[in-house]
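Visitor: Return atomic coordinates for the entry below.
(one chain, ligands or ions: 1)
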Amino acid sequence: MANSPSGDSMTARVVRVLETFTVDRTMQTAAEVGRRAGLPSSTAHRIVDELVAAGLLDRDDEHRVSLGMRLWELALRGSRALRLRQAALPHMERVQATVREHTQLAVLEQDSALFLERLSHPDAGANITRVAGRLPLHASSSGLVLLAHADPELQERVLTRRLAAVSPETTTDAAALRRRMAEIRAAGFVVAPGSIEAVSTGVAVPVRDGDGAVIAALSVVLPREASPDVAIAALLQAARSIRSDLTSH
Ligand code: PHB
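Guide: Sure thing, here's the model as predicted:
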């Protein structure tokens with residue numbers, strides 16, 4: 001693939017363009033894309049035009065671009081994430097009907113918890129998770145479950161980094177986090193009050209595949225004062241059902 005004078009490949013530049021879109025920044029002009037991707041204006045305009053022509057970006061009447069529906073279609077086609085989400089959905093609905101709070105499914109992706117699905121309830125409380133959004137492994141309940149079961153190399157990488165406080169109650173001490181991970185493995189679930197925001201408690205369990213490997217975390221976000229007992233039981237039951245559905249289909 002042709003390289004630019006700075007030496008990066010065309011693919012690398014396209015990836016940089018796509019990565020300028022975030023959960024909070026969904027529409028941009030080609031000039032903004034170029035600035036954020038660190039590309040010369042002419043290069044950014046050309047790549048954006050080509051991606052629009054291919055349907056990977058959509059352009060509106062005001063010449064702003066967003067990630068295209070075709071990109072979504074290609075990304076989901078045959079993806080493991082979609083299979084997992086489909087297996088999980090009926091069981092998430094049951095959890096959500098019992099607990100009547102937000103219920104979400106997350107996987108480990110590039111050292112964070114990436115959310116594949118979130119079901120809301122009309123009466124549910126605060127919740128910052130979004131589908132296709134991420135939360136730090138050491139702070140969110142889903143992240144803590146994924147981290148506790150991750151391979152040792154990843155655990156060490158996360159534990160030796162500076163652990164940022166998302167809230168005043170986030171565990172930021174590596175030794176404390178290590179103890180917490182052992183507790184999560186022993187208990188089979190985590191209850192994380194105030195770790196993301198003071199008003200809520202995250203409750204999460206691991207989801208395993210047929211071989212017993214942890215492939216996802218299933219969580220609910222409760223108001224801080226609520227008892228987690230019903231949620232823990234509902235999540236454990238759902239995780240068992242998802243595992244059995246994944247092995248029988
Ligand atoms: C959590 O998983 O711990 C969590 C997620 C979102 C929130 C609060 C807690 O808004």
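Visitor: from here on, contacts and neighbour counts on C-alpha atoms
Guide: OK.
Visitor: how about the strands in this protein?
Guide: 57-59, 65-67, 102-109, 112-119, 134-136, 190-193, 200-208, 214-223 (DSSP state E).
Visitor: This protein - how does it break down into domains?
Guide: If you go by automatic domain parsing, the domain ranges for the chain are 10-75, 80-248.
Visitor: re earlier: which one of the strands of the chain lies nearest to the ligand?
Guide: Nearest to the ligand among the strands of the chain is strand 200-208; the distance by C-alpha to the nearest ligand atom comes to 3.4 Å.
Visitor: The closest one to strand 102-109, inter-axis angle?
Guide: Orientation of strand 200-208 against strand 102-109 (axes from the mean of the first three to the mean of the last three C-alpha atoms, to 10 degrees) gives an angle of 60 degrees.
Visitor: what lines up beside strand 200-208 in the sheet?
Guide: strand 190-193 (antiparallel), strand 214-223 (antiparallel) (DSSP bridges).
Visitor: ok so, going back, so which of the strands of the chain is nearest Met27?
Guide: Among those, the nearest to Met27 by C-alpha to C-alpha is strand 65-67 (4.9 Å).
Visitor: Please tabulate the strands paired with strand 200-208 in JSON lines, including the columns distance to the ligand.
Guide: Output for the strands paired with strand 200-208, formatted as JSON lines (distance: least, C-alpha to the nearest ligand atom, whole Å):
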{"stretch": "strand 190-193", "distance to the ligand": "6"}
{"stretch": "strand 214-223", "distance to the ligand": "5"}
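Visitor: could those go into a markdown table alongside distance to Glu19 and mean neighbour count?
Guide: Shown next, in a markdown table, are the strands paired with strand 200-208 (distance: least, C-alpha to C-alpha, whole Å; neighbours: other C-alpha atoms under 10 Å):
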| stretch | distance to Glu19 | mean neighbour count |
| --- | --- | --- |
| strand 190-193 | 31 | 24 |
| strand 214-223 | 24 | 26 |
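Visitor: got the ones you listed as a markdown table, with mean pLDDT columns?
Guide: Converted to a markdown table, these look like this (pLDDT from 0 to 100):
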| stretch | mean pLDDT |
| --- | --- |
| strand 190-193 | 98 |
| strand 214-223 | 97 |
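Visitor: For the ligand, see how far away the residue lying closest to Gly34 once chain neighbours are set aside is.
Guide: Spatial nearest neighbour of Gly34, excluding adjacent residues (C-alpha to C-alpha, 6 or more residues apart in numbering): Ala44 at 4.8 Å. For Ala44, the distance to the ligand (C-alpha to the nearest ligand atom, to the nearest Å) stands at 35 Å.
Visitor: Contacts only, for Ala44.
Guide: By C-alpha atoms under 8 Å, 6 or more residues apart in numbering, the residues touching Ala44 are Val17, Ala30, Ala31, Val33, Gly34.
Visitor: What of Glu93?
Guide: Glu93 neighbours (C-alpha under 8 Å, 6+ apart): Leu119.
Visitor: Just to check, Thr171 is in contact with Ser195?
Guide: Yes - counting by C-alpha atoms under 8 Å, Thr171 touches Ser195, with 7.3 Å between them.
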